[in-house]
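Novice: Sequence first, predicted model second:
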Amino acid sequence: MTSHQPRPATAHRSSGLSGSATIPGDKSVSHRALIFGTLAVGETRVTGLLEGEDVLGTAQAMRAFGAQVIRTDRGAWTIHGLGVGGLMEPEDVIDCGNAGTGVRLIMGMMATCPISATFTGDASLRRRPMGRILDPLRLFGATSMGRDGGLLPLTLRGAADPVPVEYALPVPSAQVKSAVLFAGLNAPGETVVIEREATRDHTERMLHGFGAEVAVEDLPEGRVIRLRGRPELRPQTIAVPRDPSSAAFPVVAALIAEGSEIVVPNICLNPTRAGLYQTLAEMGADIVHDNPREEGGEPVADLRVRHGGTLRGIEVPPDRAPSMIDEYPVLACLAAYAEGDTVMRGIGELRVKESDRIAAVVAGLRANGVEVTEEPDGMIVHGTGKVSGGGTVATHLDHRIAMSFLCLGLGADKPVTVDDAGPIATSFPSFMGLMHTLGAGIEAA
Ligand SMILES: O=C(O)C1=C[C@@H](OP(=O)(O)O)[C@@H](O)[C@H](O)C1
Ligand SMILES: C=C(OP(=O)(O)O)C(=O)O
């Protein structure tokens, strides 16, 4: 394991961000495109793949399971798949780095194949709970061995004679939902997943696109997803939409830096991913959705963002959380510049992301003179329209903490420093270059 060398960065008060922000492909869709391509029989072609460390780790893992995964150009990849149930047993440990989505979906993918694999990750990923995945996978007949509490490293042995499963999600997690669905692909009969709160639906959309027999019903008990096992998945051509979670950072940067006006084109606004944009509109942000359209089965629009007017603090409805779960750190940083309280509750899941994001955001805001109240499953930012800044933020290997607080610094009286911008490469490797192009005063400290 190479030792990680932190790379601090500092953001200075900036004004007049301008231009067009090119956002990379969606991280969730990119992971899934590689996995589905591995499970299909034949050649799947992908364009616009996110070439961040998390997704490149999944590409490497697919090769370890026997798929031929080839990069043909920037963002352009082909995957020669093995078919459902055709995975080979990896000859080495699968290191998923910082990627919770990667390791959890890959464990689901192999859980109903008669093979074993050992998984590990970086110091952040080795702190994150895997029991939420192992519990349902054991119902299929998989077994695991590893550290107490279901932490990585662990070895998973797929079921030699899998049975189908009906599983109600105990937490609103698209990663758990997707792991169960991937496992169900190689189980006989019908696997059923029930989710009380709708989470991102990329897996369901792609199951349909690759030819699986999948039905989704909204019933009183929640969303019920039924999947017929052991289909022959047909290879597809996938244009990955641009990531709304990454777009959130230049959007919020433009809302913080005075006199800014930017365009953020081709952004995926799948309703299970667009909660932040509804919240920003409710706060009074000047964001126009130009040219709304559908691309690759996903709703897309070009965002035009202008700084101006006073933003109002609001209470974010807790039932909106799954549709913006990764955007709370950057929302909290914007809320510091709003007038009044921004109340965020029902977000206890943030405590088990790359970092404890509630604790990290609260500490980072307080270090920069922002008043914030911490609650067990949420936080309240007491916005005054101004941020004194001058603090250094501990990022805990969390890319979204790093990017959020670099955005905070763009409007602060004194510069804001993050202790390590290195993890930004896991999801948005072009972030620093993009922000410079827009005119943001961000640089290595
Ligand atoms: O399924 C996915 O691609 C993801 C689901 C979310 O995690 P949970 O499913 O654990 O909420 C999200 O935080 C993550 O960035 C990506
Ligand atoms: C939580 C995230 O991703 P993952 O779970 O894949 O690490 C994220 O990108 O914010």
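Specialist: Structure's in. What do you need? Numbers count the residues shown, from 1 in each chain. Ligands and ions are numbered 1, 2, ... in the order given.

Novice: Identify the residues contacting A444.
Specialist: By C-beta atoms under 8 Å, 6 or more residues apart in numbering, the contact set of A444 is R7, P8, A9, T10, A421. Every residue, glycine included, has its C-beta placed from N, CA and C.

Novice: Does the third one touch F431 like I think?
Specialist: Okay, so that is A9. No. In this structure, A9 is not within contact of F431 by C-beta atoms under 8 Å, at 10.0 Å.

Novice: Outside of stretch 190-203 itself, list whatever touches it.
Specialist: With contact meaning C-beta under 8 Å, 6+ apart, stretch 190-203 is reached by 26, 28-29, 32, 164-169, 172-174, 177-178, 180-184, 216, 221-229, 270, 272-273, 319, 321-323.

Novice: Up against ligand 2, what does this structure have?
Specialist: K27, D54, A99, G100, T101, D326, K353, E354, R400, S427 (C-beta under 6 Å from any ligand atom).

Novice: ok, now how distant is A183 from V165?
Specialist: 8 Å (C-beta to C-beta, to the nearest Å).

Novice: Compare neighbour counts for those two and give me the winner.
Specialist: A183 (32 against 22; other C-beta atoms under 10 Å).

Novice: now the helices: where do they sit in the protein?
Specialist: Remark: helices assigned in the chain by DSSP state H are 27-39, 53-64, 100-110, 131-140, 174-185, 202-209, 244-256, 275-282, 328-335, 357-367, 399-408, 431-438.

Novice: and the last one, what does it pack onto?
Specialist: Other helices and strands packing on helix 431-438, by 3 or more C-beta pairs under 8 Å, 6 or more residues apart in numbering; DSSP states H and E, are strand 18-20, helix 244-256, strand 441-444.

Novice: Any chance of JSON lines for those, columns mean pLDDT and distance to L311?
Specialist: Shown next, in JSON lines, are the helices and strands packed on helix 431-438 (pLDDT from 0 to 100; distance: least, C-beta to C-beta, whole Å):
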{"stretch": "strand 18-20", "mean pLDDT": "98", "distance to L311": "20"}
{"stretch": "helix 244-256", "mean pLDDT": "98", "distance to L311": "7"}
{"stretch": "strand 441-444", "mean pLDDT": "95", "distance to L311": "21"}
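
Novice: For the residue lying farthest from the centre of the chain, give me its contacts.
Specialist: Relative to the centre of the chain, the most outlying C-alpha is that of D161, 32.5 Å out, by C-alpha atoms, centre = their mean. Contact partners of D161, counting by C-beta under 8 Å, 6+ apart, are G141.

Novice: phi, psi of it?
Specialist: phi -140, psi 70 (degrees, to the nearest 10).

Novice: for ligand 1, what are the nearby residues on this structure?
Specialist: Residues of the chain lying near ligand 1 by C-beta under 6 Å from any ligand atom: S28, T101, S173, A174, Q175, S178, R200, I325, D326, E349.

Novice: Low-confidence stretches in the stretch 101-250 of the chain?
Specialist: Residues of the stretch 101-250 of the chain meeting the criterion pLDDT under 70: none.

Novice: For P376, give me the pLDDT.
Specialist: pLDDT for P376: 98.
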